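Asks: here is my input, please return the structure:
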Amino acid sequence: MKTVIPSISLIYCTFVTGICSEFSVTAYSKRLGRDVRSTQKLRGLRQCVRDCVDRGQCKAVNYDRESLQCQLLGDSITDLSQLMDDDSFNFIDVSTQSTGFPACTITCTYGVCVKISPGNEYCSVPACPMTYRYSTALNFCYTKVEVSKNFTDAYSYCKTIGCRLAVPSTMEHILFLREEFNAGYLDNDYRIGGQWDTEEGKWMWINGKTVFDDINLSLSDFEEIESSSGELIWSKEDDLSQIDTGHGKKFLCEKLAFCGEFSVTAYNKRLGRDVRSMLKLRGLRQCVRDCVDRGQCKAVNYDRESLQCQLLGDSTTDLSQLVDDEKFNFIHIASQGTMFWLKL
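Replies: Model prediction:
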């Protein structure tokens with residue numbers, strides 16, 4: 001006989017609108033012991049549920065209240081007898097959350113519509129599918145394609161799956177890919193979205209930015225890149241290297257957040273004034289979202305070690321005003337070309 005799921009609701013609010021949404025914990029002190037697709041570290045319960053909603057094939061979560069770990073599940077159940085007893089966990093079946101994600105009046109081609117309030121709706125599109133690899137700190141979501149293609153064909157293929165050729169534009173991205181190689185996920189050299197631009201006379205990313213700007217990446221750090229022609233690859237031997245134009249190569253596709261990509265204004269820097277609020281245990285993406293959700297927040301200092309988020313009432317575009325601090329990234333909100341929540 002199946003156990004009836006109790007209706008136990010948790011409430012969270014957005015600070016801009018003051019509107020509250022609910023979601024229900026399906027079972028306390030229980031977890032589903034199968035089909036764990038991904039484990040996210042240092043998450044609050046609300047962020048855990050959000051992460052599941054943001055990934056198209058996630059159906060439920062196990063939330064570890066003690067370690068603040070979030071297990072994203074590819075399966076779910078309505079029969080609670082299938083759950084395992086575990087005092088550390090709560091289990092949430094995302095598909096049953098009708099109150100948290102009410103019906104909308106708009107149609108979303110690539111995602112699920114979420115109603116915040118009357119006349120205020122947005123499309124929540126999976127930010128990083130569960131079959132992709134994801135770095136929370138970098139907000140970097142990618143997949144490898146184990147078929148060799150030239151630059152043009154690889155570029156087109158990534159576009160057809162809603163991605164772009166990967167742009168690992170900082171040393172932090174390069175080191176993340178190195179960690180992926182060490183973990184056994186990457187096992188080849190892969191084409192990425194950089195090539196020599198004869199008109200500009202420099203290496204350029206496909207997003208129009210310079211590859212080696214001596215801020216994020218320096219050419220002197222990559223000895224294998226010498227000639228002024230060709231295309232860039234991520235190399236398991238040299239991190240970044242080059243190949244001749246026209247050669248086929250396996251490649252990496254990067255999926256950008258549908259409702260906007262943000263860029264870090266300055267790495268290893270922070271603004272030393274006007275800290276309005278300090279939020280604990282935040283990912284970088286959530287830190288920026290929290291700032292966007294607050295009307296008078298103009299920038300954030302993000303502490304990568306403690307995962308603390310400083311919301312700032314002031315900002316600057318003059319980087320000389322920033323304080324050197326290896327733990328922090330600084331993000332100027334007004335310079336972000338697009339917003340996270342697309343209001344239609």
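
Asks: can you give me the buried ones in the top helix by length along the chain?
Replies: As assigned by DSSP state H, the longest helix anywhere in the chain is helix 171-182. Buried residues in helix 171-182, counted by 16 or more other Cβ atoms under 10 Å: Glu172, His173, Ile174, Phe176, Leu177, Glu180, Phe181. Backbone N, C-alpha and C define where each C-beta goes, glycine included.

Asks: packing partners of it?
Replies: Secondary-structure packing of helix 171-182 (3 or more Cβ pairs under 8 Å, 6 or more residues apart in numbering; DSSP states H and E): strand 239-243.

Asks: what packs against the strand it packs on?
Replies: Using 3+ Cβ pairs under 8 Å, 6+ apart: strand 239-243 touches helix 171-182, strand 231-235.

Asks: quick one: closest of those to Asp303.
Replies: Closest to Asp303 of the helices and strands packed on strand 239-243 is helix 171-182 (Cβ to Cβ; 14.7 Å).

Asks: summarise which helices and strands the helix or strand just after the closest one is packed against.
Replies: Where DSSP states H and E defines the elements, the next helix or strand beyond helix 171-182 is strand 190-197. With contacts taken as 3+ Cβ pairs under 8 Å, 6+ apart, strand 190-197 sits against helix 151-160, strand 164-165, strand 202-205, strand 231-235, strand 249-254.

Asks: quick revisit: of the buried residues of helix 171-182, closest to Arg282?
Replies: Distance to Arg282, by Cβ to Cβ, is smallest for Glu172 among the buried residues of helix 171-182, at 17.4 Å.

Asks: the closest one touches Ala137, doesn't it?
Replies: Yes. Contact criterion Cβ atoms under 8 Å: Glu172 and Ala137 qualify, at 7.5 Å.

Asks: residues contacting Pro168?
Replies: Phe140, Ile174, Phe176, Leu177, Ile192, Trp234 (Cβ atoms under 8 Å, 6 or more residues apart in numbering).

Asks: now do 6 Å
Replies: Ile174 (Cβ atoms under 6 Å, 6 or more residues apart in numbering).

Asks: and it, that's in a strand?
Replies: No. Using DSSP: H, G, I helix; E, B strand; the rest coil, the assignment for Pro168 is coil, not a strand.

Asks: and stretch 181-189, what's buried?
Replies: Buried residues in stretch 181-189, counted by 16+ other Cβ under 10 Å: Phe181, Leu186, Asp189.

Asks: avg pLDDT for stretch 70-81?
Replies: The pLDDT scores in stretch 70-81 average 90.

Asks: hang on, the earlier thing: which of the buried residues of helix 171-182 sits closest to Ser306?
Replies: Glu172 (17.1 Å).

Asks: just the pLDDT at that closest one, thanks.
Replies: So, for Glu172, pLDDT stands at 89.

Asks: secondary structure element holding the nearest residue to it once chain neighbours are set aside?
Replies: Nearest residue to Glu172 in three dimensions, chain neighbours excluded: Leu138, at 5.9 Å (Cβ to Cβ, 6 or more residues apart in numbering). Assessed by DSSP H and E, Leu138 sits outside every helix and strand.

Asks: what about Leu138, neighbour count?
Replies: 20 (other Cβ atoms under 10 Å).

Asks: how close does it get to Glu180?
Replies: For Leu138, the distance to Glu180 (Cβ to Cβ, to the nearest Å) stands at 12 Å.

Asks: swap in Asn139?
Replies: Computed with Cβ to Cβ, the distance linking Asn139 and Glu180 is 16 Å.

Asks: relative to Ser76, how far out is Gln47?
Replies: In terms of Cβ to Cβ, Gln47 sits 19 Å off from Ser76.
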